[in-house]
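Chemist: After the sequence you'll find the predicted model.
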Amino acid sequence: MNNQSKTPDPDKEELPTQKKLDQLYKLIDGIDNAMMTTRTSDGVSVNGLAKVTQDRAKIRELYRADWKAYLGDEGGAKDGGPEDPRIALIELEAQTATYMKSNQPKVVTMLKLAKALITGQPPKLGTLGELNKSELGQGQGRS
């Protein structure tokens, strides 16, 4: 068993939760933001205005028990549950979304990327599409 005390990370400033949230609000609130997801060979980039929220009803709706593993239980209200004051959501009001739909296996995508690195020519990895705010609001692009 290791009884050594944990060495503080010099790059990580220990601040109270509210101060951390205030800093996050200042960094994110009202900025143009983009996100990327790549679960498959497909990808999506969503652009819009971001804001931080601690809407407890929304947090309870989205909360999953495994979040507790990431947050830990520090006692009291900071128990890693849906009422934990350390939990905040980043809400994005989407303005546009650009996506790529690929019908090829990942290995083919990787080979095309490798070829592009060697030749300097951009690869054709899939079909690109874009949705504007109106289309996003109507749920267009759902399959």
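Modeler: Thanks, I have it.

Chemist: Grab the nearest non-local neighbour of Leu113.
Modeler: Leaving aside its sequence neighbours, Leu113 sits nearest to Pro123 (Cβ to Cβ, 6 or more residues apart in numbering; 6.0 Å). (C-beta placed from N, C-alpha, C; glycine too.)

Chemist: what sits against the one you found?
Modeler: Counting by Cβ atoms under 8 Å, 6 or more residues apart in numbering, Pro123 touches Lys112, Leu113, Lys115, Ala116.

Chemist: now do 10 Å
Modeler: Listed by Cβ atoms under 10 Å, 6 or more residues apart in numbering, the contact partners of Pro123 are Thr109, Leu111, Lys112, Leu113, Ala114, Lys115, Ala116, Leu117.

Chemist: Which of these are buried? Put it as a PyMOL command.
Modeler: Selection of buried members from the contacts of Pro123 for PyMOL, criterion 16 or more other Cβ atoms under 10 Å:
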select buried, resi 109+112
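
Chemist: how far away is the residue nearest to Leu113 from Gln104?
Modeler: 11 Å (Cβ to Cβ, to the nearest Å).

Chemist: anything in contact with each of the two?
Modeler: With Cβ under 10 Å, 6+ apart, Pro123 and Gln104 have common neighbours Leu111, Lys112.

Chemist: residues in contact with the top helix by length along the chain?
Modeler: Taking DSSP state H as the criterion, the chain has its longest helix at helix 106-119. Residues from elsewhere that reach helix 106-119, judged by Cβ under 10 Å, 6+ apart: Thr40, Ser41, Ser102, Gln104, Pro105, Gln121, Pro122, Pro123, Lys124, Leu125, Gly126.
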